[in-house]
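[1] quick check, what structure comes out for this input:
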Amino acid sequence: MSSGQEVGAIFGDGTGPAAALLRSPTVIIASVALWGMNVCLFKLFGLDYAYILQLDLKKAEEEEQKKRRKKMAKMNQAGQTEPLSTDESADGTGGESGPSKEGKLSTSASGEIEMSEMSVLSSTDEDESREGNLVNVSLVSDASPSSKEAKATISPHSTNMEVTEVKLIGLAGTLIATLYLTSYFWIQVKRGTTIGAIFCFYTLVIVGIMTPLRSTAWIRFACKIVFQRAGALLKPRCSCIHGRPKAVPFIDVFFADGMCSMSKVFFDWGMLWLLASHYPHPVPPSLQSIIVPSCFASLPYLIRARQCLIMYNVGKHKNDPKRYQHVLNAIKYSTSLFPLIVSAFQKTTYGQKVAAKAEILLIVLLAINATYCLAWDVVMDWGMMQDPNAVMEQAAGQCMLTNRPYSIAPSSDAVESKRQTRNCLDTALRPRLRFGTSLTLLIVFLDTFLRFSWTLRFCVSIIFPSNDAYILCTEFLEVFRRAVWNLLRVEWEHIKQTRQSKKEIVVADVIIESDSPSNSLTADSARSKASPPHALGRPSSSRERKSKNTAFHE
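    Okay, the predicted model is just below:
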């Protein structure tokens, strides 16, 4: 977001991968390879990222199923009482046998309906629990018929559908080779234009993906998920004025955050549209020529800010005392728009004094945006340093206890104290660190450094051969920052989901204890629904069991 927030040189003369039109596919390919790195680290540290991303969608689907069952039950009750009243009015002497038969028929029909629904639900739950770490089709939508059709058409047991780090890195290597070969042939051999080379590359990629080969089935499946989640971002989840809004699932928030890191890619797509509309003539250096790509670049931030406002309305309906945080988050994304506006203004002004003032304003806005986003990363997105005073007091106590000489106490007490006491840095960052202290500190350091990578603008002429090369470098740095950011973001979401499931278990136990003791089966079912993924009987590896018993255990 803050790395190189200013727009690229739309009229620049960059060559090679730094050319304006070749920037966007190069960055997209790098993002594919970096997501492969994320998948590898998630598996290495025992994080079921597919389950974490889709949990909100599963809960929404369960709520929709409950509503449908209640509605069907009401319809069955209405169908049972109406024939009784009509028959009794028609035959008042001995007409009990007719209504009773109809009542039995209606109850049996409703029972068959409920049994069929429960069998379907149990079968889908079994299928989802067998899928493991596969990026399954339930990531696609909330509870729509299209998701059910997709479950029927795409087999989750097929290993061809599994998205692995090897497949992602191999795909990235194939795409980058295709991009360079296409651009070299079209520009150097055929003496064509860059816009022709980029359209040729996109055509080859689309044809390759659409070719019905078993080896590329997982790519089509992944592309389908990406497009459907992108469509969900534009879906009106509420009128924002009337009606009850629907909460934005975590996967859509995660997807929109990734789009924000690719704001420059959207800018390049807007520029590609301008070049195509003026082809074969060059794009005139006018105000419209810079406003259109800048609007494309601001689209991810507007989508993310809209999600924040929707979640604020959701919190308002639920009387959530922390709903103000969504407003602060929306303000954070608005600070990303101001540098885009000032940078676009710089491209259209020709006075040196005005340009110098705009440059100073741009630097101030970039510094504010980078600082705001960094603080939000650490406190809100990663769950660290949320209460600095309490953290410092606890950290000081832990350090004093850790540095206590073990010779004073018995050896067994020293071992027990060493086992129960966490490191000072663990306590200062967060009590639960799945990735360990060293890797977590490295991620925080990289995020801090890359948030301020826009300071490279002060030495563009020294380091980079052209301004386009500088823009390409900042795009690479931003997608790499997003890749390391993803690790702690998914970890923190998993922690929040685990805490929420424990609260639901406690609430379920309190409700069941207030009822009769004969509802023990209902309590067990409610507890199993509220349990985290590894508590549902899903197979867990030795690494996951080890991590639960050490640093990640509460």
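
[2] make it CA atoms for all contacts and neighbour counts henceforth
    Noted.

[3] burial count for Pro282?
    12 (other CA atoms under 10 Å).

[4] give me the three-state assignment for it.
    Classification of Pro282 by DSSP: H, G, I helix; E, B strand; the rest coil places it in coil.

[5] contacts only, for it.
    Leu275 (CA atoms under 8 Å, 6 or more residues apart in numbering).

[6] how about it, phi and psi?
    As for Pro282, its main-chain torsions (degrees, to the nearest 10) stand at phi -70, psi 160.

[7] would you mind measuring from it to Pro25?
    Here the criterion is CA to CA, to the nearest Å. By it, Pro282 lies 22 Å from Pro25.

[8] cool, Arg244 as well?
    Distance, Arg244 to Pro25, using CA to CA: 40 Å.

[9] what does Leu287 give?
    26 Å.

[10] which one's more surrounded, those two?
    Neighbour comparison, Leu287 and Pro25: the larger count goes to Pro25, with 20 against 13 (by other CA under 10 Å).

[11] host element of that one?
    Following DSSP states H and E, one finds Pro25 within helix 20-44.

[12] against which helices or strands is that helix packed?
    Applying 3 or more CA pairs under 8 Å, 6 or more residues apart in numbering; DSSP states H and E, we find helix 20-44 packed against helix 165-183, helix 194-210, helix 263-278, helix 467-514.

[13] if you set the cut-off to 6 Å instead, what comes out?
    helix 165-183 (3 or more CA pairs under 6 Å, 6 or more residues apart in numbering; DSSP states H and E).

[14] quick check: mean pLDDT of the helix it packs on?
    Confidence over helix 165-183 (mean pLDDT, whole number) is 94.

[15] now that helix - C-alpha only, CSV.
    The C-alpha atoms that make up helix 165-183 are tabulated as CSV, following Å, rounded to 0.1, in the frame of the first residue of the first chain:
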residue,chain,number,x,y,z
GLU,A,165,3.5,-25.0,-3.4
VAL,A,166,5.2,-27.1,-6.1
LYS,A,167,2.4,-26.5,-8.6
LEU,A,168,2.2,-22.7,-7.8
ILE,A,169,6.0,-22.2,-8.2
GLY,A,170,6.0,-24.3,-11.4
LEU,A,171,3.1,-22.3,-12.8
ALA,A,172,4.9,-19.0,-12.0
GLY,A,173,8.1,-20.3,-13.8
THR,A,174,6.1,-21.3,-16.8
LEU,A,175,4.3,-17.9,-17.0
ILE,A,176,7.4,-15.9,-16.6
ALA,A,177,9.1,-17.9,-19.4
THR,A,178,6.1,-17.4,-21.6
LEU,A,179,6.1,-13.6,-20.9
TYR,A,180,9.7,-13.1,-21.8
LEU,A,181,9.6,-15.3,-24.9
THR,A,182,6.4,-13.6,-26.1
SER,A,183,7.7,-10.1,-25.6
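
[16] just the angle between it and helix 20-44, please?
    170 degrees (axes from the mean of the first three to the mean of the last three CA atoms, to 10 degrees).

[17] quick one: the strands in the stretch 101-250 of the chain, in order.
    Ranges of strands in the stretch 101-250 of the chain, per DSSP state E, counting those that start in this stretch: none exist.

[18] where in it is pLDDT low?
    101-159, 237-243 (pLDDT under 70).

[19] apply 90 and report the result again.
    Confidence mapping of the stretch 101-250 of the chain against pLDDT under 90 gives the ranges 101-163, 183-184, 186-199, 214-215, 228, 231-247.

[20] on that earlier part again, next secondary structure after the helix holding Pro25?
    As assigned by DSSP H and E, the chain's next helix or strand after helix 20-44 is helix 49-90.

[21] show me what that following helix packs onto, helices and strands only.
    helix 97-131.

[22] please redo it, this time with the cut-off set to 10 Å
    Judged by 3 or more CA pairs under 10 Å, 6 or more residues apart in numbering; DSSP states H and E, the packing partners of helix 49-90 are helix 20-44, helix 97-131, helix 250-261, helix 467-514.

[23] weakest of those by average pLDDT?
    The weakest mean pLDDT among the helices and strands packed on helix 49-90 belongs to helix 97-131, with a mean of 40.

[24] for the nearest residue to Met385 once chain neighbours are set aside, give me the pLDDT.
    Leaving aside its sequence neighbours, Met385 sits nearest to Val379 (CA to CA, 6 or more residues apart in numbering; 5.7 Å). With respect to pLDDT, Val379 scores 92.

[25] touching, Val379 and Asn329? I think so.
    No - using CA atoms under 10 Å as the test, Val379 is too far from Asn329 to be in contact (11.9 Å).
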